[in-house]
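1. Sequence and predicted structure are below.
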Amino acid sequence: MTTEATTAPTNRTIWARRVTDGVEPKNVIIAVCLLIGGLRYGWPGLGWAAFAALFAAVIPTLFIQRGIRKGTLEDRHVGHRRRRLTVIPFIMGSVAVSFAVMIWAHAPRDLTAMVAAMFASLVPILVITVWWKVSVHTAVASGAVACLGIALGPVWLLLYPLVAVIGWSRVVLRDHTTAQTIVGAVVGALTAGLTFWAAR
């Protein structure tokens, strides 16, 4: 249980919770898939974006919810570091399935590259999580902004302050240290950005 959960909420922690829950990885993944799919490929792209989001966001969320019901996971953000070592491999497997199907079915290239970037980002996150609780929130958000900048133009990089706000929320809630949010953002941007750029 976090310290934040045992103390009375303040205006600061209330807003931090809203940010953490509202811009959680699931929502960011769904948004970035739909943006790239819709703006690059129109309606067919939105269909493939929904398919990618199903395996990268929806199925992992259902897995986490099942863990919460069974008592093996404590919350939707999987605050316990060691339990992330079970969740992250499941997400990687789910993403890998969607990537294989999208390659086989000749899905739009940028969306296939987006899924590849998601998988690639999870590799260093999993390795670091073995000994340190790096922020998945900032990793996903930072990687998403990097991919949007590559796919849709540098103006989308103006979303980077939002990554800082997400990092702030994680620190305020004492789910992460400042260093963990910064490392997450750097790992997400470099891994997702480079993979997306190379795969598209």
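-> That came in fine, so what should we check first?
2. just checking, next helix/strand downstream of the longest helix anywhere in the chain?
-> Looking across the chain with DSSP state H, the single longest helix is helix 25-53. Moving toward the C-terminus from helix 25-53, the next helix or strand (DSSP states H and E) is helix 59-70.
3. Who are the packing partners of that following helix?
-> With contacts defined as 3 or more Cβ pairs under 8 Å, 6 or more residues apart in numbering; DSSP states H and E, helix 59-70 has these neighbours: helix 81-104. (C-beta placed from N, C-alpha, C; glycine too.)
4. Can you point out the buried residues in the helix it packs on?
-> Across helix 81-104, burial judged by 16 or more other Cβ atoms under 10 Å covers 83-84, 87-88, 91-92, 94-96, 98-99, 102.
5. got any ranges where the protein has weak pLDDT?
-> Counting by pLDDT under 70, the chain contains low-confidence residues at 1-7.
6. Buried residues, whichever strand or helix holds residue 14. List them.
-> Per DSSP H and E: residue 14 is located in helix 11-22. Judged by neighbour count (16+ other Cβ under 10 Å), helix 11-22 contains these buried residues: 13, 16, 19-20.
7. Quick check: residue 144 touching residue 29?
-> Yes: between residue 144 and residue 29 there is a contact under Cβ atoms under 8 Å: 7.3 Å.
8. which one of these two has more residues nearby?
-> residue 144 (32 against 26; other Cβ atoms under 10 Å).
9. how about the nearest residue to that one, chain neighbours excluded?
-> residue 32 (4.2 Å; Cβ to Cβ, 6 or more residues apart in numbering).
10. same check, this time on residue 130
-> Distances taken as Cβ to Cβ, 6+ apart put residue 85 closest to residue 130, at 6.8 Å, once the chain neighbours are dropped.
11. Quick check: the gap between that neighbour and residue 133.
-> 11 Å (Cβ to Cβ, to the nearest Å).
12. Show residues contacting whichever strand or helix holds residue 192.
-> Residue 192 is part of helix 178-199 when elements are defined by DSSP H and E. Helix 178-199 has contacts (Cβ atoms under 8 Å, 6 or more residues apart in numbering) with 109, 112-114, 116-118, 120-121, 123-125, 128, 132-147, 149-151, 163, 166-168, 170-171, 176.
13. and those residues, which are buried?
-> 112-114, 116-118, 120-121, 124-125, 128, 133-147, 149-151, 163, 166-168, 170-171, 176.
14. Looking at those residues, which are in strands?
-> Counting by DSSP state E, no part of these is found in strands.
15. excluding its backbone neighbours, what's nearest residue 35?
-> Nearest non-adjacent residue to residue 35, counting by Cβ to Cβ, 6+ apart: residue 148, 6.5 Å away.
16. ok, the one you found - how many residues close by?
-> 22.
17. and if you look at residue 48?
-> Residue 48, neighbours per other Cβ under 10 Å, totals 23.
18. With residue 189 instead?
-> Neighbours around residue 189, by other Cβ under 10 Å: 24.
19. same thing with the one 10 residues further on?
-> Counted with other Cβ under 10 Å, the neighbours of residue 199 add up to 16.
20. Residue 21 versus that one, what's the distance?
-> Residue 199 sits at a distance of 31 Å from residue 21 (criterion: Cβ to Cβ).
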